[in-house]
Each structure stands twice: as C-alpha cells, then as structure tokens.
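# Okay, sequence plus prediction incoming.
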Amino acid sequence: MPAEITMPQLSDTMTEGTLVKWLKKEGDRVESGDKIAEVETDKAVMEMESFESGTLAAILVPEGQKVAVGSVMAVVATGKDDPAEVKQQAAAAGPRRARSGPPATLEAASTGEIHEADYVGHVAVATGQQPAGPPLPKLPENVARGVRVRISPLARRMAAEKNIDPRTLLGSGPGGRVVVQDVLALTDTAAARSVPLPHPGSGQTQTVPVTKMRAAIGKALQSSKQRIPHFYETVEADVEELSAMRLRMNQMLEPQNIHLSLADFVVKALAMTLLAHPALNATFNGIEVTRYGDVHLGIAVAVPDGLIVPVLRNIHLMGLKEIRQRSVDLAERARAQKLRQEEMSGATFTVTNLGRYGVKEFSAIINPPEVGILAVGAAEKRPAVRNGQLVARTMMSLTLSADHRVVDGAMAAEFLRTLKQFLEEPGMMLVFA
Amino acid sequence: MPAIQFREALRAAMVEEMERDETVFLMGEEVAQYNGAYKVSEGMLEKFGPRRVLDTPISEAGFAGLGVGAACCGLRPIIEFMSWSFTLVCMDQIINNAANIRYMSGGQFKVPIVFRGGNGIAHQLGATHSHRMEAVYSRIPGLIVVAPSTPYEAKGLLKTSIRCDDPVIFLESEKMLGEMGEVPEEEYLLPLGKAKVEREGQDVTLLSYGRPLQRVVRPAVKALSNDYNIDVELIDLRTLRPLDVQTIVDSVRKTNRCVIVDEDWGYCGMGAGIIQKIQKPCFDDLDAPIEYVHSDEIPVPFSHPLEEAMMPSVDRIIAAVQEVCYK
C-alpha cells in the first residue's frame, strides 16, 4: 500500500513548515531511515527520515514551498505497488491533508487511543545524534501525536466529566499512570499535589505538562509584564530598632502564645503607608484609576507548583496580633487549596516576601488591575555608616514595582520614604493611625 | 445465640431437613457406623437408622452415580465426599449426569442432590488431596456451587441447598470443621446466589469465600483498618455459582478498587472467573487493575512451611490492597 509522507509537527506552535530541499528524487529507492528531505521550522532546518521502504513514487511539493502540518508532501510505493500507478494517483489527488488526518489533533490525542496504523507514512527528524537502527518517530510522537496517556478508567471518566485534558495531568500511579487522586488534586480543593517530579537523569529529558494553575499564572503575568510599563525603586530600611522592638514585644506576648514576625510589622507599616498614599492603593482599568479608602492587601504565598495570593481585607484596621493570626490562617489554607474565591480577589495592593529564603532584593510583577507591588527582601546585618562610623546594622531592602501609566517616579519615592520611616521609627505609625 | 462448631452446624442442617422431609438421606464413606470420617454425621445413624444413613464402598463414581439416580427417582440425597479431590474420579456423574439431566430430559427429571465435603488445601494432605475444585464446578451450567465461611452460613446455606431442586456443590474444609460460631436456635434459611457484605467500607472492595476468609482475609482486613488506615468493604461471596454480580458491582462502583482472595491457582482460577464477570461492568469505575491474590502455581507441597508459603497470606493481601489504593 502506498505510504504518504506528511509535514511533521515539530513543536506545539508549528502550523506549517518549509520544504527546503528534497534529498531524493522521484523513482529513487528509499529505505526506512533514509534522509529524504530538509524541512525548515520556525526554529531550525532539520532532516526528515522516511519510515517506509520502497520507491519514492511522487513528489507533490516543490522545494521552497510552505506546507501545512499534516499535509501530504510525497508518496512512497511500497511492496508490490507499481510506482507509476502510485504517481498517477498521487498526482491526480495533489497535495492534501493526509488520509489519516493531521498527526495529532487535540481530539485524537486526548482520547489516548492512538494506533500505530494511523501513522503510516509519517517521518522522523534526523538530529544527527540518533543511533543507527530502525528510525523511531521520537519527535513527532512526543510533540505532535501527543504522548499516550496512561490513565485509569475512572480517572479518564472523571477528567472527561470535569473537562480536563488528561495530558495536562501528572500521573502518580505505577509507571506514571494518572489515577483518580491526580484528577482530584487538580480540581478538588482538598488534595494539594504533593508528588515531586523525579529529576531527569543524565541523557534523559522530561516533559512536564502545564497544570491549570501554572497556565493561569503564566497568562496573567505575561499579560501584566507585556501591557504594564513597570518601573522599579528600591530603598534600604534600617530595621535594627524594629527588630529589637519585636524581640521585646514577643517576650511580653509569650504568655499569650503570640509570636510576631518581622513580616507582620512590614505588612502593618505597608498598610499605613498605603493609607497615606492612595495613589498606590488603587486599581487601574486602562481608562480611570480607582482609589480606595480601605486597604485590602494581597499576600503572595508559595504553594506546590505555583503561587496563590490570598487577600487580607481591611488590614489597616488590624493590630499586629490579628494580622499574624489571619495571615497564618490564609497561608495555611492557601497551601491546602482551601481558600474561597472571594478570599483570593479584591486586593488593592500586593506584597511578596522572599526574605526567609535569604534573597537580598528582587523586583516583582504587578498583579493587575493593581498599580503596585512591594517586594520584601531579607533583614540582615549589613555595613552602614552612622555618625561617620562604619557599623553593622540590621537592614532590609524593599523594592516597589509601579505602573508608570498612573504612578510617577517621585510619587513612588514618596511612598517608599513613608514606608522606610514607619519601619525605622515604628512610633511614627501612631501619629497617623 | 449459642456458639457451635462448623461440623455441628452442618449436622444440625442435615438433621433438621431429614426430620422435615423423609426423602432426604445421607450417603458416603464412613458416614454411618464410624460416625463420619470428620464426625460431621455423628449420631445420625442412631437417629435415622441404616435406611437413611448409608455407608458406601470406596467408590466415588459408584455412590455419586447412585445418588444422581436416586434424585432422578424422587429422593433428595446428600452425598458426602471425604475430600472434593476424590471427585476427580466421578466428574462424569457430577458434570455429565447431575448437571445436565434436567436439561437433557426437557425437564422430565430434576436432580435435587447435594454433594458436600472438604475442599481445598487442608493440612499436609499432599498434592493429590489438596485440590481446590470450586473453579472446575463453578463453570458448569446446571450446577450451584456454595462455599460457606462460618457455622452460621454453613447451616443456613446447607438447609437451602437440600431443599434446592438442582444439584448443589457444597464446599467445606476439613480445617474449618472445628471453628466456632454463633448460630440461632430457631430455624433459618439463607438464600443461594446472594453474597453478604460482611463489612462496609469506602476504600477497596475485598472479595473472598470459604476457608481463606477466616484464615487470612479477616485478619488482613483488621490490620488494614488498624495499622494502614484503609477502609475495606469485605464481601463473603457465599455462592460461587450463580455469582452475585450485582452486589459485587455495586460495591466496586463505590470503592473503585477490587481485590479477590482465594486459595486456587491464579490461571483460570475462581478469582480469574470473577474478574471476567465484573471487569466490564466496572471498567469505568476502576482506578486500578483488579488484584487477584491466589496460591502459587505449583503442586501443593506436603511440607508444612512450603504449603503455607504457597498460599495467600495476610502480608500478600495487605500488599495487594496497598497496590490498588496507591498507598
């Protein structure tokens, strides 16, 4: 039976490729594994191998032509096929989609029911490093056909009911089988995925499907970074006094079993600063700015394979004790994926803190429609000059990312000056509270 | 409720039915004058006399065939085999005759007969006396196959079997006859073809029957609950043919996992047949392949440690349950 050679899909985004050069001509003998053509993708020129042995009966696409993925480019006469007859039939049909359809439509791949027979005539890509031997359809199989999903029947049914593409699920069962707990981990708020991926060994590669959370984060942040003209300003606050004060307060609060963290003080100072600078305690929809008389602070929380931003509502009305308790509760429930939707929306500003990882300073991406985000670094002893003397002080770097469409550099600087003042002289907060 | 031995429950069932119906009689090797090779029929000769409790020669083909003929002629024989392994010499009488006469005669004859005796691996009886015959008989249309796991089940199911108009294969175990269990003093019957959900659970359905239930399955279920936090739904199948598919399927649809335990060999074993019945109706409800814990596929060794090692154990059952629960 004549075998069709089609344009392979070599990446997720590839919809067409250019047939650069034929390495065989009509009538040539073709062995399985022979390089038959060069194909240019959006990334590189690659050599294409034939899976079939026979005679290259018909070339349907001239060199230099762009060809849609899955379209027939040539036909190989195999077995007892008469090459002349095959050429005649192929020429009559002309370039077209392959009989069996494109290598992997989403539908075909997501069913997981992919049979070898559907792929007669596909081609492999010779990378140069491939060992000799029967050519395996490595790239097309993984990229274009979609990996065959190993999934339990129940998990398959449940994924279908929940409209989840099984290929996006990470299997925790034997051999990577997707089992029902993997579906629940993605959809059910109860079970946070806790199965870490094994690291790929030397010489291996690993395909990691993108989870829904990952995809949502990616989409939101890409949009933010592309659309919002970010600018960044960093101040260094001397938190030596604040640290000492925190220690004294924690000693006094010990009988009540309250242990305040430096982050709680930063959050409190930030809330006070936002009240004093409503230009930053705002959202922007592209047309007008909305300023808020209350502070609803989003606090970024790292969770397995992603991050969640629960919102501390009316934080400007809270004392440190309440801030402590509520932020611990929100963070715990965020990690357990037990937050309600309204607890994750409606922030007027966001803070993100990598201090406990020892990060000195960093800049964050704004969470639209907010107009700013504060990145808090680690409090650490740094050399500082006091009264002309070099001394070691506990210092902390704070970086504001702001939306330059509605916030200017001087506004941001004033905001940071207030924040720095509240952190260095906590008593100043009493003046405005 | 008084607790009595398994053998006493069997005897009580036979005595009650013989008192109730004078066409019922007991026949087999050593059942009369010796009071039973395993003392199941103790006292029955004295009670019912030699006309209704009959010793036979060591000839299974002879007395099994005699029983089938008597059943065709209107009596209700209970045929005791010392071991179901010995029925390998009278399969023609059981499979060709007992199972088929009602069909072949167009219903002119029925065969209300109970064949009963010890089945399976007892204790150091060697390869030829340790056969598990349930899968052999459970595949024969025309037969009913019953495997009780407690004295309560034994009495209630044997009484129903004796009243049944079709031939019943009643599978006991020499090792179970001394086990104690509560049995009501008043009369009761248990239905054939109906499994019993012995313990309700959420995590996995465990199917078993007969002796392994008491020997390893119930201890494994207890350990799984206490030490592994796995909530097992335990089903005592009680009747192997006709199999109570509905009860099994309902359970597996709830738990999404199934483990079968028996002492048969795996290939073409009883559990394999059960899997054939349930995998299709449960396919979309399964989160893991059905596990089958069975004996190793070797002749049954005479050596006690080897005999123990070839059979399902508590550990093997726990491992299988963990595997299907992905725990």
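Alright, I've got the coordinates. Residues are numbered from 1 along each chain as shown, chains lettered A, B, ... in the order given.

# Going by C-alpha atoms from here, please, whenever you check contacts or count neighbours.
OK.

# Check whether A:A92 sits in a helix, strand or coil.
Counting by DSSP: H, G, I helix; E, B strand; the rest coil, the backbone at A:A92 sits in helix.

# Contacts only, for it.
Listed by CA atoms under 8 Å, 6 or more residues apart in numbering or on different chains, A:A92 has no contact partners.

# Can you name the helix or strand that A:T234 falls in?
strand A:230-238 (DSSP states H and E).

# Burial check on residue 57, number of neighbours?
This is for chain A. Neighbour count of A:A57, defined by other CA atoms under 10 Å in any protein chain shown: 29.

# not quite, I wanted chain B
Neighbours of B:P57 (other CA under 10 Å): 10.

# where's it relative to chain A, distance?
56 Å (CA to the nearest CA, to the nearest Å).

# Which strand in chain B has the most residues?
strand B:258-265 (DSSP state E).

# same for that one, what does it pack against?
For strand B:258-265, the elements it packs on are strand B:204-208, helix B:211-212, helix B:270-282, strand B:291-295, helix B:314-325, judged by 3 or more CA pairs under 8 Å, 6 or more residues apart in numbering or on different chains; DSSP states H and E.

# The strand holding A:T234 pairs with which strands?
Each strand that pairs with strand A:230-238, with its direction, by DSSP bridges: strand A:389-403 (antiparallel).

# hey, C-alpha coordinates of the partner strand in CSV?
What follows is strand A:389-403, C-alpha atoms only, in CSV (Å, rounded to 0.1, in the frame of the first residue of the first chain):
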residue,chain,number,x,y,z
GLN,A,389,31.4,55.4,61.8
LEU,A,390,31.0,52.1,59.9
VAL,A,391,28.7,49.9,62.0
ALA,A,392,26.7,46.7,61.4
ARG,A,393,23.0,47.3,61.3
THR,A,394,20.0,45.1,60.5
MET,A,395,18.9,46.3,57.1
MET,A,396,16.1,45.3,54.7
SER,A,397,15.7,46.2,51.1
LEU,A,398,12.2,47.0,49.8
THR,A,399,11.5,47.2,46.0
LEU,A,400,8.4,48.8,44.7
SER,A,401,7.2,47.9,41.2
ALA,A,402,4.7,50.5,40.0
ASP,A,403,2.6,51.1,36.9
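
# Figure out how far that strand is from the centre of its chain.
Distance, stretch centre to chain centre, for strand A:389-403: 30 Å (CA atoms, centre = their mean, to the nearest Å).

# How about stretch A:341-361?
18 Å.

# for stretch B:32-51, same thing?
23 Å.

# ok, now stretch A:2-16?
26 Å.

# before we move on, back to that, parallel or antiparallel, which strands does the longest strand of chain B pair with?
Here, using DSSP bridges, strand B:258-265 pairs with strand B:204-208 (parallel), strand B:291-295 (parallel).

# Could you count how many residues lie near B:R238?
Counted with other CA under 10 Å, B:R238 comes out at 28.

# That one contacts B:K196, doesn't it?
Yes - when contacts are counted by CA atoms under 8 Å, B:R238 is listed as touching B:K196 (7.1 Å).

# so which of the strands paired with strand B:258-265 is the most packed in?
Among these, strand B:204-208 has the highest mean neighbour count (mean count of other CA atoms under 10 Å in any protein chain shown), at a mean of 26.

# quick one: contacts of it?
B:217, B:230-237, B:251-252, B:255-262, B:321, B:324-325.

# Tell me what angle that strand forms with helix B:270-282.
Interaxial angle, strand B:204-208 versus helix B:270-282 (axes from the mean of the first three to the mean of the last three CA atoms, to 10 degrees): 140 degrees.

# which bits of the stretch 151-300 of chain B sit near chain A?
Within the stretch 151-300 of chain B, the positions adjacent to chain A are B:N256, B:F283, B:D284, B:D285, B:L286, B:D287, B:A288 by CA under 8 Å from any CA of the partner chain.
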